[in-house]
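> Pasting a predicted model and its sequence here:
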Amino acid sequence: MHKYAIAPSLLSADFARLGEEANAVLAAGADMLHFDVMDNHYVPNLTIGPLVCEALRNYGIKAYIDVHLMTRPVDKLIVDFAKAGASRISFHPEATDHVDRSLELIRHHGCHAGLALNPATTLHHLEYLWDKLDMILIMSVNPGFGGQKFIPATFDKLAKARQLINASGKDIRLEVDGGIKVDNIAEVAAAGADTFVAGSAIFTQPDYAKVIAEMRANLKSVSNNS
Ligand code: DX5
Ligand code: ZN
C-alpha cells in the first residue's frame, strides 16, 4: 500500500452497476474500497449491507474493503460484515454501549478495527483504546450523505489525532472522510491524515484515473507526514 491511501467511497458510485464500478475505480488506481453502511436510525439515510459486500466478493473483488458502519447498534453487523468479506470495520462510539468490546469483536473476527469520530465528537474517546485500534476515522462532514462540504475545524482535529498516534507508537492509520477533493487533499494530508475517503470527487467525474492521479500528484508535495 502507498504511504497515502485513496479510498473511493462507493456511496457515490452507480449502485445498479456496483461490481463494474468497483473494478473500474480499482483499475483507476484506488488503494481500497470505502463501503458506507447507513441504517436510517443512526444517520438519516439507508444504503447497503453485508449481502452487498458479499456480492462484491463473489463478483471477484479482491481489494481491501473498508466498511464504515453508520448504524446503531453495531455488534451483529460487525460479525455479518466480517463473514461477508470486510477487511476493516469502523463504527461510531455513540452507536454502541461498549466501545472496547465492539473493537475487540472486530479483531476477533479477523478484521482491522477502526473508530469513527463525528465532527463534534472529541478525541477523548481514544484515550484507553490504543491497543485495540488499527485506524481512526475523522469525519470531516456529518455522516449520512455524500457531496457535503469539508468542515475546516477538521484540520486541527487531524493534527491532534496525528500527535496522539505518534505518541502512542502504534501502527494506526488516520483516515479522513467527507468533502475530500483534488484541491484540498494536500492540506488535509499536511494536517496528518494518511488515508483519504473520496466519493463525489471521484464518481461524478468521467475519468476516475485522472482524479486519482491528480490527488496523488498533490499528495507528493506534502512532506511533513509520518
Ligand atoms: C458520509 C460518508 C462518506 C461519503 C463521502 O457519511 O461516510 O464516506 O461518501 O462522500 P464525499 O467524498 O462526497 O464527501
Ligand atoms: Zn464513510
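Perfect, thanks for sending it. Numbering: from 1, shown residues only. Ligands and ions are numbered 1, 2, ... in the order given.

> which strands and helices sit next to the longest helix that the chain contains?
Scanning the chain for the longest helix, with DSSP state H as the assignment, gives helix 154-168. Counting contacts by 3 or more Cβ pairs under 8 Å, 6 or more residues apart in numbering; DSSP states H and E, helix 154-168 is packed against strand 135-139, strand 173-177, helix 185-191. From N, CA and C alone the C-beta is placed, and that goes for glycine too.

> and the residue of the chain found nearest ligand 2, which of the three is it?
At 3.7 Å from ligand 2, H68 is the closest residue in the chain, using Cβ to the ion. With DSSP: H, G, I helix; E, B strand; the rest coil as the basis, H68 sits in strand.

> ditto for the one 5 residues further on
Of the three states, P73 takes coil under three-state DSSP.

> so it makes contact with H92?
No - using Cβ atoms under 8 Å as the test, P73 is too far from H92 to be in contact (10.8 Å).

> More neighbours: those two, which one.
Counting neighbours by other Cβ atoms under 10 Å for P73 and for H92 shows that H92 has the greater number, 24 against 17.

> Was I right to think the more buried one contacts N118?
Yes - with contact defined as Cβ under 8 Å, H92 reaches N118; the gap is 6.5 Å.

> Got the confidence number for A189?
pLDDT, A189: 98.

> Burial check on it, number of neighbours?
27.

> check which helix or strand covers the nearest residue in space to it that is not next to it in sequence.
Nearest non-adjacent residue to A189, counting by Cβ to Cβ, 6 or more residues apart in numbering: V222, 4.3 Å away. Counting by DSSP states H and E, no helix or strand carries V222.

> okay but V222 is in contact with A191, surely?
No - look at V222 against A191 with Cβ under 8 Å: they stay out of range, at 9.6 Å.

> If you count surrounding residues, which of these two has more?
Just comparing V222 and A191: by other Cβ under 10 Å the higher neighbour count belongs to A191, 22 against 17.

> So that one is in contact with A161, correct?
No - using Cβ under 8 Å, A191 makes no contact with A161, being 9.1 Å away.

> For whichever strand or helix holds E104, buried residues please.
Element membership of E104 [criterion: DSSP H and E] is helix 99-108. Under the neighbour-count criterion of 16 or more other Cβ atoms under 10 Å, helix 99-108 has 99, 102-103, 105-106 buried.

> Could I get the average pLDDT for it?
Mean predicted confidence for helix 99-108 is 98.

> Who are the packing partners of it?
The contact analysis (3+ Cβ pairs under 8 Å, 6+ apart) places helix 99-108 against helix 75-83, strand 112-117.

> quick one: the closest residue to W130 other than its chain neighbours from D131, how far?
Excluding the flanking residues, the one nearest W130 by Cβ to Cβ, 6+ apart is S168, at 4.6 Å. When distance is defined by Cβ to Cβ, to the nearest Å, S168 is 9 Å away from D131.
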